[in-house]
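A.B. asks: I'll drop the sequence and a predicted model, then ask my questions.
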Amino acid sequence: MGRGAKELPVFSLEGTVEEVFYKKGLPKVVILKTATGRVWIKLEKSLRRELAQPPKVGDRLRLEGTLSDQYDGWVKQHKASHLEFLATAPASVAKSARLCRVLICQKSSCCRRGAKELWQELAAQRLPIVLKATGCMGECKRGPAVVVLPHKKRLTPANAQQIRELVCSTETEGVEDNGN
């Protein structure tokens, strides 16, 4: 071993997938609910490319890899090099657990343009979404600014009808994002 190189501790975790974050169409991070709590696990690039099927919400997995002693934010970084499916979630469970997150700017300019009213209107509707307040998204003159995840769809100025249509269209398989 060279100077400064050291062995990283390894981990092996089993649990249920709570959420999957994608980058360029490939799963990048899996939030796994284990017996000891929730763990964010980053998938190595080679593992992302070789997966025959991406993990879905509700799947039971065993992930193995290294535990970095450098902190990523406030938690130690788990980096998986091996993923094994223990059980796949029924389609109904995966579909019902997949909630869109709607990020709404709550800075003064967007609030003057209707962000608070948009929040209240969306909260009153029974859509499969989670609302999250954010800071400035850089669209102050065109607000209210909204981002719908996991598809990273940005809407400015946003209205409840646009969000409802987008969320309802993401409930079906084969959603296409035109990159706007």
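C.D. replies: Okay, I see it. Numbers count the residues shown, from 1 in each chain.

A.B. asks: so is Gln162 in a helix, a strand, or just coil?
C.D. replies: helix (DSSP: H, G, I helix; E, B strand; the rest coil).

A.B. asks: Now do the same contact list for the residue nearest to it when sequence neighbours are not counted.
C.D. replies: Once its chain neighbours are removed from consideration, Gln162 has its nearest residue in Leu155; the separation is 5.5 Å (C-beta to C-beta, 6 or more residues apart in numbering). To be clear about C-beta, it is placed using only N, CA and C from the backbone, and glycine gets the same treatment. Leu155 sits next to Ala145, Val146, Val147, Val148, Gln162, Ile163, Leu166 when contact means C-beta atoms under 8 Å, 6 or more residues apart in numbering.

A.B. asks: Can you tell me which one of those residues sits lowest on pLDDT?
C.D. replies: Least confident entry in the contacts of Leu155, by pLDDT: Leu166, with 80.

A.B. asks: Check the separation of the first and last residues in stretch 37-50.
C.D. replies: Stretch 37-50 has an end-to-end distance of 28 Å (criterion: C-alpha to C-alpha, to the nearest Å).

A.B. asks: in that stretch, what's buried?
C.D. replies: Across stretch 37-50, burial judged by 16 or more other C-beta atoms under 10 Å covers Val39, Trp40, Ile41, Lys42, Leu43, Leu47, Arg48.

A.B. asks: Can you tell me which of these is nearest Gly135?
C.D. replies: Trp40 (21.9 Å; C-beta to C-beta).

A.B. asks: Tell me the secondary structure at that closest one.
C.D. replies: Trp40 is classified as strand under three-state DSSP.

A.B. asks: If I follow the layout properly, it ends up in contact with Lys79?
C.D. replies: No - Trp40 lies out of contact with Lys79 (C-beta atoms under 8 Å); the separation is 10.5 Å.

A.B. asks: Can you give me the separation between Arg102 and Leu61?
C.D. replies: You called it Arg, but residue 102 is Val. From Val102 over to Leu61 the distance is 27 Å, taken as C-beta to C-beta, to the nearest Å.

A.B. asks: quick one: which of these two has more around it?
C.D. replies: Val102 (23 against 20; other C-beta atoms under 10 Å).

A.B. asks: Farthest pair within the buried residues of stretch 37-50?
C.D. replies: Val39 and Arg48 (17.8 Å).

A.B. asks: for the protein, what spans make up the strands?
C.D. replies: 10-23, 26-34, 37-43, 60-72, 75-87, 100-105, 129-134, 146-149, 153-155 (DSSP state E).

A.B. asks: And those strands, which one averages the lowest pLDDT?
C.D. replies: Across the strands of the chain, strand 60-72 gives the lowest mean pLDDT, at a mean of 82.

A.B. asks: If anything else comes up later, I'll come back, but that's it for now.
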